[in-house]
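Trainee: A predicted structure for the sequence below; I have some questions about it.
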Amino acid sequence: MTINYNRMEVLIVEDDEDDYILLKELLEEAFGVVGKIDWAEDFSSARLLIKQSDYQMYFIDNRLGAELGLDLILSIKQKYEIAPPIIMLSGVDDRRTDIKAMNYGADDYLIKSQLSPLLLERTVRYILNHKIFEEKLNRLAHYDALTGLYNRSIFNELMSAAIEESKRTEKAFALVTIDLDDFKYVNDNYGHPAGDLLLTKVARRLKHSVRSADIVARLGGDEFSLLIKNVENNFNLVKIIETIMRVFDTPIQVRGKELTVSISAGIAIYPHDAIDSRELIEHSDRAMYQAKDKGKNTYSFYNQDLHQQAKNRHSLELKLTAAIQQNSLILHYQPILTLASQKIICFEALLRFRDEQGEFYNTEELISIAEQSPLINDLGLWVFDAACAQLMKWQQGQQYSGKIAINVSPKQFKTSAFTEHVLSVVKQYPQLCHKLIFELTERDLLDDQSTTIERLQRLVDVGCEFSLDDFGTGHSSLTYLRTLPLTIIKIDKSIVQKLLDDPRELALCKAIITMAQALDIDVVAEGIESQQIAKLLESLDCPQVQGYSFARPKPADQLEFIFSQPPETST
């Protein structure tokens, strides 16, 4: 390593002018031309120079009149993340002072009478080499290896420091939590190296979109955080956030491909929204998820309404847990019919849960809450068991011998527990063979597809079928058709309900039906609420339908009138 001493600035703190001159001459003899050597002849002038200037090396006399040079070491250490070399000088060889100086943060302790050019050169060279190594370790500890941004560890420290600064200055700051929208799609379709390259370019754009005083960090995965300092009012903060959002209007080039990237951002302001760093992080996260719920590619501020929503969701989670344990949930059943003959070939089991006033909770909200915890596994097992019990009751009463469709979350296939439970039930009750259809929601991407497909295939091998719900609403429709053992797709109601008004939706619906026919996959159009749409679908050769126009979901004890019609059975 080559050290450029002619640019180095050195501070010598020494109350004896003769000792200062001697040390200056020894340094020049050891290193040749030294860029700049300043002299502080007392404690107060030394403290002022330390505060006002940045030096690359400090020599400090232990005794400065009535003051100790040890106290200046603390001032230097507090100023730098990694302090430059600090060498304590003393007129006596005192082991206790030596140890104390090292504990305060000095890099070496030298006796004035033993100083020589050779000793100084070797001492400084060893210290600088150690500092370079220390800086490398510090970078590994504090910086994200992929993007070069601060990592979670140092970011938390910087946020704590920002809180203390805010208390002193009474100036607010904002924590912005950012998550890339649909980043998994990039990894799945272009590979992880492309995903990593995208993250580095996102990091660069974020860094260039904020002010120099602001802080940008990557916390892990596709999650970034920003500290926006000195927030005077929400209006100015909104302008900063809007600037950050706009930098992603331009696609990002990754390995010759243009990728359109969007972000969801949540903002919480200290001290208005939180009293400490833990609460600030929690509230910023909640705001970010609220932004995702709005449809992504947007931002959201934390507020008390959001906090109340979170409390309400937690309360509902507890109620849902109790309802599973107490078997107080219910299922409603909605028929799926052949469009040509309008005969029932399947019932879809739909979860229902009443509140204290007897009104139904929003089922999508219930599932969303359950999916955020292991509760989804217990809920999934309850729905499966209840639906199978009802189907066998119909079979025994010779009311219905067709199939039943059960909605499942992809998260139920993260472990083998659900698959093993289904296999066990089907083995115990063979009459369920070839009667079970599991509906996967297309909006929820499946993780670890190889393992998932293996678990799905085990169920297919015993006669179960899989249907893809909400088809046409997500990124991976065609990917799933190629990779999953599907026998049915359900065209999402958002497409079906616009068939009469939007030529593009009509063209999309036609294409889905034609494609499914070519792949020998059944099609169900869901959400049909008018006979006009039903007739249009019949002209498109859509084989199966479901919707309020035919029958609303009802509890099992209200389906007798439907069973007066002879069902179309299938095996």
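Mentor: Received the coordinates, thanks.
Trainee: what number of residues lie near M245?
Mentor: For M245, the count of nearby residues is 18 (other CB atoms under 10 Å). No exception for glycine: its C-beta is placed from N, CA and C like everyone else's.
Trainee: Buried ones in stretch 373-388, by neighbour count?
Mentor: 375-377, 379-384, 386-388 (16 or more other CB atoms under 10 Å).
Trainee: Please tabulate these in CSV and include secondary structure and pLDDT as additional columns.
Mentor: Putting these into CSV (DSSP: H, G, I helix; E, B strand; the rest coil; pLDDT from 0 to 100) gives the following:
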residue, secondary structure, pLDDT
L375, helix, 92
I376, helix, 94
N377, helix, 94
L379, helix, 96
G380, helix, 95
L381, helix, 97
W382, helix, 97
V383, helix, 97
F384, helix, 97
A386, helix, 97
A387, helix, 97
C388, helix, 97
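Trainee: How is this protein divided into domains?
Mentor: Recorded structural domains for the chain (assignment: automatic domain parsing) are 5-142, 152-302, 329-563.
Trainee: ok, back up a step: just flag the most distant two among the buried residues of stretch 373-388.
Mentor: The widest separation within the buried residues of stretch 373-388, taken as CB to CB, falls between L375 and C388 and amounts to 20.4 Å.
Trainee: on that earlier part again, any chance of the buried residues of stretch 373-388 in CSV, with distance to Q290 too?
Mentor: Shown next, in CSV, are these (distance: CB to CB, whole Å):
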residue, distance to Q290
L375, 21
I376, 21
N377, 26
L379, 24
G380, 26
L381, 30
W382, 29
V383, 28
F384, 32
A386, 33
A387, 33
C388, 37
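Trainee: what's the closest of the residues you listed to I263?
Mentor: I376 (27.1 Å).
Trainee: The closest residue to that closest one other than its chain neighbours: what's it in contact with?
Mentor: What sits nearest to I376 in space, not counting adjacent residues and going by CB to CB, 6 or more residues apart in numbering, is A370, at 4.3 Å. A370 makes contact with 317, 320, 376, 379, 409 under the criterion CB atoms under 8 Å, 6 or more residues apart in numbering.
Trainee: So which residues of the stretch 401-550 of the chain form helices?
Mentor: If you assign secondary structure with DSSP state H, counting those that start in this stretch, the helices in the stretch 401-550 of the chain sit at 417-428, 449-460, 477-483, 493-496, 503-518, 531-539.
Trainee: which among the buried residues of stretch 373-388 gets closest to L197?
Mentor: In terms of CB to CB, no member of these lies closer to L197 than I376, at 33.9 Å.
Trainee: ok, the closest one - contacts?
Mentor: Under the criterion of CB under 8 Å, 6+ apart, the neighbours of I376 are 367, 370, 409, 411-412.
Trainee: any idea how far K319 is from it?
Mentor: Between I376 and K319 the distance, using CB to CB, to the nearest Å, works out to 15 Å.
Trainee: Check S262 too.
Mentor: 35 Å.
Trainee: And E242, by the same measure?
Mentor: Counting by CB to CB, the gap between E242 and K319 amounts to 40 Å.
Trainee: Which one's more surrounded, the two?
Mentor: Each of E242 and K319 had its neighbours counted (other CB under 10 Å), and the higher figure belongs to K319 (17 against 10).
Trainee: ok, so of the contacts of A370, who is nearest I215?
Mentor: E317 (34.2 Å).
Trainee: In what element of secondary structure is that closest one found?
Mentor: When secondary structure is defined using DSSP states H and E, the element that contains E317 is helix 304-326.
Trainee: any idea how far that helix is from the chain center?
Mentor: Relative to its parent chain, helix 304-326 has a centroid offset of 22 Å by CA atoms, centre = their mean, to the nearest Å.
Trainee: got the CA positions of the next helix or strand after that helix in CSV?
Mentor: Taking DSSP H and E as the definition, the helix or strand that follows helix 304-326 towards the C-terminus is strand 330-338. Output of strand 330-338 as CSV, limited to C-alpha atoms (Å, rounded to 0.1, in the frame of the first residue of the first chain):
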residue,chain,number,x,y,z
ILE,A,330,-70.6,-21.7,8.2
LEU,A,331,-70.4,-22.6,4.5
HIS,A,332,-72.7,-21.4,1.8
TYR,A,333,-72.9,-23.2,-1.5
GLN,A,334,-73.3,-21.8,-5.0
PRO,A,335,-74.0,-24.1,-8.0
ILE,A,336,-71.9,-24.2,-11.2
LEU,A,337,-74.0,-25.2,-14.2
THR,A,338,-73.6,-26.4,-17.7
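Trainee: just checking, what packs against strand 330-338?
Mentor: For strand 330-338, the packing partners by 3 or more CB pairs under 8 Å, 6 or more residues apart in numbering; DSSP states H and E come out as strand 344-352, helix 375-396, strand 544-546, strand 554-555.
Trainee: Next one: S424, what pLDDT does it get?
Mentor: In the prediction, the pLDDT value recorded for S424 is 96.
Trainee: To what extent is it buried, counted in neighbours?
Mentor: With neighbours defined by other CB under 10 Å, the count for S424 comes to 10.
Trainee: Low-confidence ranges, the stretch 351-500 of the chain, go.
Mentor: The stretch 351-500 of the chain contains residues with pLDDT under 70 at 442-448, 474-477.
Trainee: now do the stretch 1-150 of the chain
Mentor: Within the stretch 1-150 of the chain, the segments meeting pLDDT under 70 span 1-4, 81, 132-141.
Trainee: Going by residue numbers, what spans are helices in it?
Mentor: All helices of the stretch 1-150 of the chain, identified by DSSP H, counting those that start in this stretch, fall at 17-31, 43-52, 70-79, 95-104, 117-142.
Trainee: can I get these in a markdown table with mean neighbour count and distance to S341?
Mentor: A markdown table is the format used below for the helices of the stretch 1-150 of the chain (neighbours: other CB atoms under 10 Å; distance: least, CB to CB, whole Å):
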| stretch | mean neighbour count | distance to S341 |
| --- | --- | --- |
| helix 17-31 | 16 | 97 |
| helix 43-52 | 15 | 89 |
| helix 70-79 | 16 | 83 |
| helix 95-104 | 15 | 89 |
| helix 117-142 | 14 | 69 |
